[in-house]
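Undergrad: Predicted coordinates and the sequence they were generated for:
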Amino acid sequence: MSDLAAEMLDMGRRARAAADAVRTASPETRTAALHAAAEALRARSDAILAANARDSARARDGGLSEALIDRLALTAARVTAIADAVAEVAALPDPLGRELARWTRPNGLDIARVATPIGVLAIIYESRPNVTADAAALCLRSGNVALLRCGSDCLESSMAIHAAMVEGLQAAGLPADAVQLVATPDRAAVGALLTGLEGTIDLLIPRGGKSLVARVQAEARVPVLGHLEGLCHTYLHVAADPAMAVDVVVNAKMRRVSVCGATETLLVDRAAAAALLPPVADALAAAGCVLKGDAEARALVPGMTAAADADWTTEYLAPVLAVRIVDDLSAAADHIRRYGSGHTEAIVTEDAEAAAAFLGAVDSAIVMWNASTQFADGGEFGFGGEIGISTSRLHARGPVGAEQLTSYKYVVRGNGQVRD
């Protein structure tokens, strides 16, 4: 066994040992740990920013795109937001011990379904150092233990954030091993996590680009929760308010182009395209967005680049938007069904019946009416952050917060019953 393999296996065993302590800790203890971690993040802000500056400089020297550097970069305001998010998780209702259902059988047995932690979660992510705090906080709130493996681009930033989280754990009397960070950029560490570390890992959660998630889903020997792509759509219905259409589409595409909830394809109802598309296109162009459209869209917006078939399945994560004119709501739903990734879709319309039809017909993890797809975020859902977005139809779906990181067990109470 190599030194790295032995080190990773030791991390898994220590995580499993810490799991009992976290699972049985009182809600008050876990809350205290989160508040202490939030304060430690604020106190360590300068060290975190210095580490992030080194990460960002290496990334820029290595030729990383500015969009990806934006995902990596921290500011004083962003560090404060990270700390605030941890404190917000601390304020959430504790998800453990909830009775999800309870009933009594004819023989008198009292049966309850009760929320419990999943156990040891391995979270593999790329250039977002804030995930270090979000994942650790949500795991702690839900009574789980975290094994964190960040991308090499944000390793120093993540190590600085991890130190603050461990400070919070120890201040509350919880084991430091409850949140561990793989402190090497060696990609073999990911391979070790995918094996499950001899059964010490209960769930893998990848959060990153398509190649990372595809590898995890293909090679993991333990269950995986996550999404492959955020190929999100916004559909402008014939009854869309023109001003709202401009505001929603520009925000959905351009607020932050590198997030998985950014709209990548705009669908426009043919009957209203002449009125709706030109002002939307003008606003997008003014914001620096490149439009790639079908023939009908290009006829309405001269200068628009021609879209190829591949554009309907491309997650740009850049200021580029594919545009297609569709016959009606049914055609929009068909397009989403054919090309979408099951992440987030939105309709803009003043017609409540049309909105209801869209929300029912589109089977993505998140469907929206008159709202930007960039609200596809656990913090915006009131989860105090998220560990990722799930497009799975099993277990959690959509933003994964503390409540979604629980499983359940059955508690059966009797008074001497025996089975015939």
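TA: Thanks, I have it.
Undergrad: Torsion angles phi and psi at the closest residue in space to R105 that isn't next to it in sequence?
TA: Leaving aside its sequence neighbours, R105 sits nearest to I111 (CB to CB, 6 or more residues apart in numbering; 6.6 Å). Quick note: C-beta positions are derived from backbone N, CA and C, even for glycine. Dihedral angles of I111 (phi, psi; degrees, to the nearest 10) stand at phi -120, psi 130.
Undergrad: Need the per-residue pLDDT for I111.
TA: Looking at I111, its pLDDT reads 98.
Undergrad: and what of P175?
TA: So, for P175, pLDDT stands at 98.
Undergrad: Same question for D20.
TA: What the model reports for D20 is a pLDDT of 95.
Undergrad: How about S211?
TA: So, for S211, pLDDT stands at 84.
Undergrad: ok, now L228?
TA: The predicted local confidence for L228 is 79.
Undergrad: show me where the protein has helices.
TA: 3-24, 27-43, 45-61, 66-72, 76-90, 130-141, 155-171, 188-194, 210-219, 242-254, 273-286, 295-300, 329-339, 352-361 (DSSP state H).
Undergrad: Same list (those helices) but as TSV, adding mean neighbour count.
TA: Output for the helices of the chain, formatted as TSV (neighbours: other CB atoms under 10 Å):
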stretch	mean neighbour count
helix 3-24	18
helix 27-43	20
helix 45-61	17
helix 66-72	17
helix 76-90	20
helix 130-141	29
helix 155-171	23
helix 188-194	19
helix 210-219	15
helix 242-254	21
helix 273-286	18
helix 295-300	16
helix 329-339	18
helix 352-361	15
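Undergrad: of all those helices, which lies closest to G97?
TA: Among the helices of the chain, helix 27-43 comes nearest to G97, with 8.1 Å by CB to CB.
Undergrad: now the closest one: mean pLDDT?
TA: On average, helix 27-43 scores 98.
Undergrad: what's it in contact with?
TA: 22, 48, 79-80, 82-84, 86-87, 89-90, 94, 96, 133, 136-137, 140-141, 143, 161, 163-165, 167-169, 171-174 (CB atoms under 8 Å, 6 or more residues apart in numbering).
Undergrad: Alpha carbons of stretch 29-49, as CSV, please.
TA: C-alpha atoms of stretch 29-49 as CSV (Å, rounded to 0.1, in the frame of the first residue of the first chain):
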residue,chain,number,x,y,z
THR,A,29,-23.4,21.1,21.1
ARG,A,30,-23.5,21.1,17.3
THR,A,31,-25.0,24.5,17.3
ALA,A,32,-22.2,25.8,19.6
ALA,A,33,-19.6,24.3,17.3
LEU,A,34,-21.1,26.1,14.3
HIS,A,35,-21.3,29.5,16.1
ALA,A,36,-17.7,29.1,17.2
ALA,A,37,-16.6,28.2,13.6
ALA,A,38,-18.4,31.3,12.3
GLU,A,39,-16.5,33.5,14.7
ALA,A,40,-13.2,31.7,13.9
LEU,A,41,-13.8,32.4,10.2
ARG,A,42,-14.3,36.1,10.9
ALA,A,43,-11.2,36.2,13.2
ARG,A,44,-9.1,34.4,10.5
SER,A,45,-10.3,36.6,7.6
ASP,A,46,-6.8,38.1,6.9
ALA,A,47,-5.2,34.6,6.8
ILE,A,48,-7.9,33.3,4.6
LEU,A,49,-7.6,36.2,2.2
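Undergrad: Now do the end-to-end distance for stretch 184-204.
TA: Terminal residues of stretch 184-204 are spaced 19 Å apart (CA to CA, to the nearest Å).
Undergrad: and for it, what are the contacting residues?
TA: 2, 4-5, 8-9, 11-13, 15-16, 118-124, 147, 149, 152, 155, 182, 215-216, 219-225.
Undergrad: Stretch 354-373 now?
TA: Taking CB under 8 Å, 6+ apart as the rule, stretch 354-373 contacts 227, 232-235, 237, 239, 244, 248, 251-252, 255, 261-263, 329-330, 332-333, 336-337, 340, 342-349, 375-376, 389-391, 397-399.
Undergrad: No more questions from me, cheers.
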